[in-house]
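> 3D model of this:
(2 chains)
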Amino acid sequence: MQNKSIKYGSHLLSEVTVIFLLALPIANSLSHGIYYLLFLAIWVFFIILGRWVGDTHTYFFLGFVPVFIFYFMGFPLLHTFILALILTWRFAMIRRETLEYPEIIYLGLTVILMIFNMIQKNDPTLIIYLFIQFFVVSIGSALSYMTNMKSTKHYVRYLLSYIGLLLSGSVVTLIIFFGLKKIWDVVFPYLAMALGHIVGIFSFLDSLFKDIEIPESEEDPVVFEPEEDISELPSMFDALAPGLILNFIIIGLLILFVFWLVLKKRRGPESKIRQVNQPHVIEPLKQKEEKNVSRLFNFLRRKPVHPVRKAVYDLERKALKHGQGRLPFETVDEWFERLEIDLPSDIYQMIRYGDIDVDREKISLFKKQIKEAERKILANESGG
Amino acid sequence: MKKIHKAKQALQQVIYGKETEIDLLFIAIIAGGHILFESAPGTGKTKLAKSFAKVMHGDFNRVQFTPDVLPSDVTGIRYFNPKHETFELREGPVVTNVLLADEINRATPKTQSSLLEVMEEHQVTIDGETVTVPQPFIVLATQNPVESNYGTFPLPEAQLDRFLFKINLGYPTREEEKEILQNYRLQDPYNELEVILEPEDILELRRQAKEVVLTDIVTDYLLDIVHETRTHSEIELGISPRGVLALMRAAQAKALVEEREYITPQDIKTLASYVFPHRLILTMEGAIKKTVDDIVGQILNQIPVPVENVMN
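Residues are numbered from 1 along each chain as shown, chains lettered A, B, ... in the order given. The predicted model follows:
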């Protein structure tokens, strides 16, 4: 079992690194160290505040502090508000133990953001942030587990898998960086040119203003004579600095990410698990933590091949979409009972747990029953 | 299998509203296990044991445990017969098919331990001579949960681990009690019980139960649950390998009774609530906060059941 205070602390520091990497494209004028310290200072401020303030809603009223600090440090106003909001929100969520993420997610986000920043800034030394993140995650995790001697063995296994991931991840990251950098150098001018053309399409708006006659002044107009040839002035395409485009892209992605998280939280089956099993589910599974590494490779898993298993798989997937998915600890019978579906599971269980095959007639009968169950699920949803 | 269902129905005519407990009784005897009943006096423990013995045409013995009961009173004794001038062996009540060990926690630890050998190895050593008990053999022990602390001796872990299930009979519902009053008004339904099974039938079912399949996927699920009991922060002593085997044997018997050739996660989940609680010892902190049943429920509600991996 982990020590919660230490776990909160390490998660907060991990998020500092992630948010720092998010802010990196717009932090051109100050050194990395200052920004990093700035984030840390704000986190520490919140941690100290947390000792006296129990209700996490209060943090949002104190969000003006990071706004002030960011603005004072020269951030643009929009970025100031967005970053302060994210920072305050994340701190409150960690304290509430909602929207918590396992350490592997922090490492994964760090790798993605680091590669992006390395390419954007053409700076391979940014790989240091992966090591900083790893340091925070491993030390935080170690300390939180070491407080409980029972969990020490569990932690050692955990740490070894992380070290393996870090080493292989570093090599892969550098390979990806040098490869993608070449592609970026080729693709970016064309991308920028395409954006310039799109902007050019809207240049007809200029012609609307050209036809308006401006009344002549009685005074002699001041004739502006350009020192340079107008044709050599920067075009609209040039005015769109790559940094600015990237800023908008990052902010857009950030907003989408936050929006997705909120939607996932509201619709996700995990929130339902908490509601249904409040008396029993008190702390997260240790197995869940152990499986985080293997989850990275879950996308490689395929649908079951057997038609009966496939039918149950599809039913589960559809039910999940309609908010009636099977809870992880439910057996098939318990799930059907909860949904009030009269579907005999013996054929499925025979195949799944008995490795016994059944004849085609039974399979087609089972499929029909599954279809009826699907209809029932849809009816349940429409019926509220 | 028809005989089993018929026997269950017959028992249900004597003991009302205890279908699950009667099922567990048959599962236990097929799995070769023993049962510890924990319930208040007068809830039908003795009646259930006697009825069960009658239905299966087995011998039935009862030992009323008190602090002055000696191990030899349970296992047997070698005594000197002055008539024949020889030492003769008198087998104790333990040599039977169904042994009711009533109020087992009132016996001293020494007397309680006299049951260890017979429960595990189905044999008893009396003054150096080993006597094998008839098969099938089952110990149905009872202990009163509201027993005064004076004059009782809690069962040691080694003893508890030998019981396959711990069952709380509990009180019947109002409707069930009404039915009991009506049916017992004129005569005791126990007297009308007939022999339905023979001991050989049980032995044949035991042989068949061993052929029930436990696939890898269900094995992993079972072991996940067991592992969790050993690493849970609020559990001092988790499930032993004997407990794991007990759960598997019970699940095999349950599958057989339900006419299946394979064990499902549902079998494991259902039986774990009866196999685990008396085998677990909570930490001081855990015991203050929760009961063993709470923690078993919590574990069962945490371990993912192998169905299809849609969530991942």
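
> residues near the closest residue to chain A within chain B, how many?
Residue nearest to chain A within chain B: residue B:262 (3.2 Å; Cβ to the nearest Cβ). Quick note: C-beta positions are derived from backbone N, CA and C, even for glycine. Close neighbours of residue B:262, defined as other Cβ atoms under 10 Å in any protein chain shown, add up to 21.

> go on, the one 3 residues further on?
By the measure other Cβ under 10 Å, the count of residues near residue B:265 is 27.

> that older thread, which one is the residue of chain B closest to chain A nearest to, not counting chain neighbours?
residue A:354 (3.2 Å; Cβ to Cβ, 6 or more residues apart in numbering or on different chains).

> list every C-alpha atom in stretch A:138-146, with coordinates, as CSV.
In CSV, the C-alpha atoms belonging to stretch A:138-146 read as follows (Å, rounded to 0.1, in the frame of the first residue of the first chain):
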residue,chain,number,x,y,z
SER,A,138,10.7,6.4,-9.3
ILE,A,139,11.8,8.3,-6.2
GLY,A,140,8.2,9.2,-5.3
SER,A,141,7.0,5.7,-6.0
ALA,A,142,9.9,4.2,-4.1
LEU,A,143,9.3,6.4,-1.0
SER,A,144,5.6,5.8,-1.0
TYR,A,145,6.0,2.0,-1.2
MET,A,146,9.1,1.8,1.1
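
> the nearest residue to residue B:156 once chain neighbours are set aside: neighbour count?
Nearest residue to residue B:156 in three dimensions, chain neighbours excluded: residue B:109, at 6.4 Å (Cβ to Cβ, 6+ apart). Residue B:109 sits with 11 neighbouring residues when counted by other Cβ under 10 Å.

> check what pLDDT residue B:109 gets.
Each residue has a pLDDT score; the one for residue B:109 is 87.

> just residue B:273 next, same as before
pLDDT at residue B:273 comes out at 91.

> element containing it, please.
Per DSSP states H and E, residue B:273 falls inside helix B:265-275.

> format the CA atom coordinates belonging to stretch B:2-20 as PDB.
Once non-C-alpha atoms are left out, stretch B:2-20 reads as follows in PDB (Å, rounded to 0.1, in the frame of the first residue of the first chain):
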ATOM      1  CA  LYS B   2     -30.800 -37.300  -9.600                       C
ATOM      2  CA  LYS B   3     -30.300 -38.900  -6.200                       C
ATOM      3  CA  ILE B   4     -28.400 -35.800  -5.000                       C
ATOM      4  CA  HIS B   5     -31.300 -33.500  -6.100                       C
ATOM      5  CA  LYS B   6     -33.800 -35.900  -4.400                       C
ATOM      6  CA  ALA B   7     -31.800 -35.900  -1.200                       C
ATOM      7  CA  LYS B   8     -31.600 -32.100  -1.200                       C
ATOM      8  CA  GLN B   9     -35.300 -31.900  -1.600                       C
ATOM      9  CA  ALA B  10     -35.800 -34.300   1.200                       C
ATOM     10  CA  LEU B  11     -33.600 -32.300   3.500                       C
ATOM     11  CA  GLN B  12     -35.500 -29.100   2.600                       C
ATOM     12  CA  GLN B  13     -38.600 -30.700   4.000                       C
ATOM     13  CA  VAL B  14     -36.900 -31.000   7.400                       C
ATOM     14  CA  ILE B  15     -34.800 -27.800   7.400                       C
ATOM     15  CA  TYR B  16     -36.700 -24.900   6.000                       C
ATOM     16  CA  GLY B  17     -35.300 -21.900   4.100                       C
ATOM     17  CA  LYS B  18     -31.700 -23.300   4.100                       C
ATOM     18  CA  GLU B  19     -31.300 -24.300   0.400                       C
ATOM     19  CA  THR B  20     -27.900 -22.700   0.100                       C
END
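
> where does residue B:101 land in three-state SS?
Look at residue B:101: counting by DSSP: H, G, I helix; E, B strand; the rest coil, its state is strand.

> I'd assumed residue B:155 was in contact with it.
No: taking Cβ atoms under 8 Å as the definition, residue B:101 is not a contact partner of residue B:155, at 10.5 Å.

> give me the more crowded residue out of these two.
residue B:101 (28 against 22).

> still on that earlier bit, hmm, the residue nearest to residue B:156 is touching residue B:157, no?
No: in this structure residue B:109 lies outside contact range of residue B:157 using Cβ under 8 Å: 11.8 Å.

> what's the pLDDT at residue B:6?
For residue B:6, pLDDT reads 88.
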